[in-house]
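Asker: just to be clear, the model below is a prediction. Sequence and coordinates:
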Amino acid sequence: MEEEPLDVDSFFNDNPDDTITLPHSSPAIEKNEQKGTAAIDKNEQKGKCCHFSTSGKLLAAAGHDGKAKSNSMLVGHAKPVMSLDFHPTKVNILCSCDSNDEIRLWNVNESACILAFKGANKQVRFQPRSGNLLAAATGNVINMIDVETSTVKYRLQGHAKDVCSMCWDTSGRFMASVSEDCARIWSIAAGGKSVHQLQSTENKFVSCAFHPVYSLVLAIGSYQSLQIWNPMDGSKMWSHRAHEGIVSALTNTYGTHRIASVSHDSWIKVWK
C-alpha cells in the first residue's frame, strides 16, 4: 500500500482541540497554538529526555535532577538521566541510563528499580515489537546488544562525533542516529549498514525520531527548531520553530500519530 505524500504543513498545524493526557505530579495542561498540542507545566529543572509507552498512554520524562517521572516519581540515579525507553511488550518496564554509565530497569507500576548495571551513558533503545536487541550509544558508536545473551551483535560505526540521539523505525529493521554534524539511517537487516546520510548546515543536530506515519522520514531537533527530513528527497529539509531552547529529545507514538518534544526551555510539547 502506497503512502500519501508527506504533508509537513499539516503536521505543524497545531490544533487546540487535539489533546493528550500527560502524567505529572501536577497535571496542568495548557492548550496553546504556539505550544504544540499539549504541554506539561514547566519546572525548575532542564528537560533532557522523554519517551512514550507502546500504547501511547504513558509518557516518561527526566532531566538534570536525576529523577524519572511517569505516573509517579522514580528516584535512584545519582547523576543526570540521559535516556529513557519503555519495553515494547512488557509495558510496565522502563529503561533509563545516566551520565555515569548506569542503566536501570524500572517497574513503573510499583515505582521500583528492579535491576541496575553499567553500560550506557548516552542513550538506550529497545528494538520495537520484540525487544530482542538493545541499542546502546557510547561515544560515536552504537552497539546492538542481544538482550538474552548480553553480547554485541552489531557495531554501528560512521559518526565522526559523539552520537547525540538514536531511534528505531516501527519495524525494527532500521535505526536513525544523529551527531551534532550528521544524521544517519542504518539498516539492521543488512547487518548495521549506513544507507542514508545528511550533514547539518546551520543548527547542530541534537535529537531525532522517525515520523509516526511516513516510512524513514525523520524528525530532527536542534536549537529552537524541529526539522523534517525525507531521505528520499536527498538533503531537503522542512523547519519549524518549536521551542525557545535546545530541542533535547524527541519521541513518537504510532498509535496516536504524535511526536513529543522536550526542551531546555522546560516545556514538553506534543505534535500531530
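Answerer: Alright, I've got the coordinates.

Asker: is Lys122 in contact with Ala135, as I believe?
Answerer: No - using C-beta atoms under 8 Å, Lys122 makes no contact with Ala135, being 10.2 Å away. Every C-beta, even on glycine, is put in place using the N, C-alpha and C of the backbone.

Asker: more neighbours, those two?
Answerer: Ala135 (25 against 21; other C-beta atoms under 10 Å).

Asker: surely the more buried one is within a strand?
Answerer: Yes - according to DSSP: H, G, I helix; E, B strand; the rest coil, Ala135 belongs to a strand.

Asker: how near is it to Ser177?
Answerer: Look at Ala135 and Ser177: by C-beta to C-beta, to the nearest Å, they are 9 Å apart.

Asker: cool, and Ala219?
Answerer: From Ala219 to Ser177 the distance is 13 Å (C-beta to C-beta).

Asker: can you check which residues contact both of these two?
Answerer: Both Ala219 and Ser177 are in contact with Cys208, where contact means C-beta atoms under 8 Å, 6 or more residues apart in numbering.

Asker: tell me the contacts of Ala137?
Answerer: Ala120, Lys122, Gln123, Val124, Asn143, Val163, Met166, Ser177.

Asker: scratch that, Gly76 is what I was asking about
Answerer: Contact partners of Gly76, counting by C-beta under 8 Å, 6+ apart, are Arg104, Cys113, Ala116.

Asker: in the contacts of Ala137, which has the lowest confidence score?
Answerer: The lowest pLDDT within the contacts of Ala137 belongs to Ala120, with 79.

Asker: can you give me the neighbour number for it?
Answerer: For Ala120, using other C-beta under 10 Å, the count is 24.

Asker: that one is in contact with Val141, isn't it?
Answerer: No - using C-beta under 8 Å, Ala120 makes no contact with Val141, being 11.3 Å away.

Asker: who's the residue nearest to Lys161 when sequence neighbours are not counted bridged to?
Answerer: Distances taken as C-beta to C-beta, 6 or more residues apart in numbering put Ser179 closest to Lys161, at 4.2 Å, once the chain neighbours are dropped. Taking DSSP bridges as the rule, Ser179 bridges to Cys182.

Asker: pLDDT score for Ser179?
Answerer: So Ser179 comes in at 97 (pLDDT).

Asker: and if you look at Ser25?
Answerer: The model's pLDDT for Ser25 equals 34.

Asker: do Ala183 as well
Answerer: 97.

Asker: how close does the residue nearest to Val217 when sequence neighbours are not counted get to Gln224?
Answerer: Excluding its sequence neighbours, the residue lying closest to Val217 (C-beta to C-beta, 6+ apart) is His211, at 3.9 Å. Applying C-beta to C-beta, the value for His211 to Gln224 is 20 Å.

Asker: which one's more surrounded, those two?
Answerer: His211 (21 against 18).

Asker: for the more buried one, what are phi and psi?
Answerer: phi -60, psi 140 (degrees, to the nearest 10).

Asker: repeat for Asp233
Answerer: Here is the backbone geometry of Asp233 (degrees, to the nearest 10): phi -100, psi 20.

Asker: who's in contact with it?
Answerer: Counting by C-beta under 8 Å, 6+ apart, Asp233 makes contact with nothing.

Asker: and it, how close does it get to Gly158?
Answerer: 21 Å.

Asker: kindly list the longest strand within this structure.
Answerer: The longest strand of the chain (DSSP state E) is strand 237-253.

Asker: list the buried residues of that strand.
Answerer: Residues 237-240, 242-243, 246-253 are the ones in strand 237-253 that count as buried (16 or more other C-beta atoms under 10 Å).

Asker: this completes my enquiry, with thanks.
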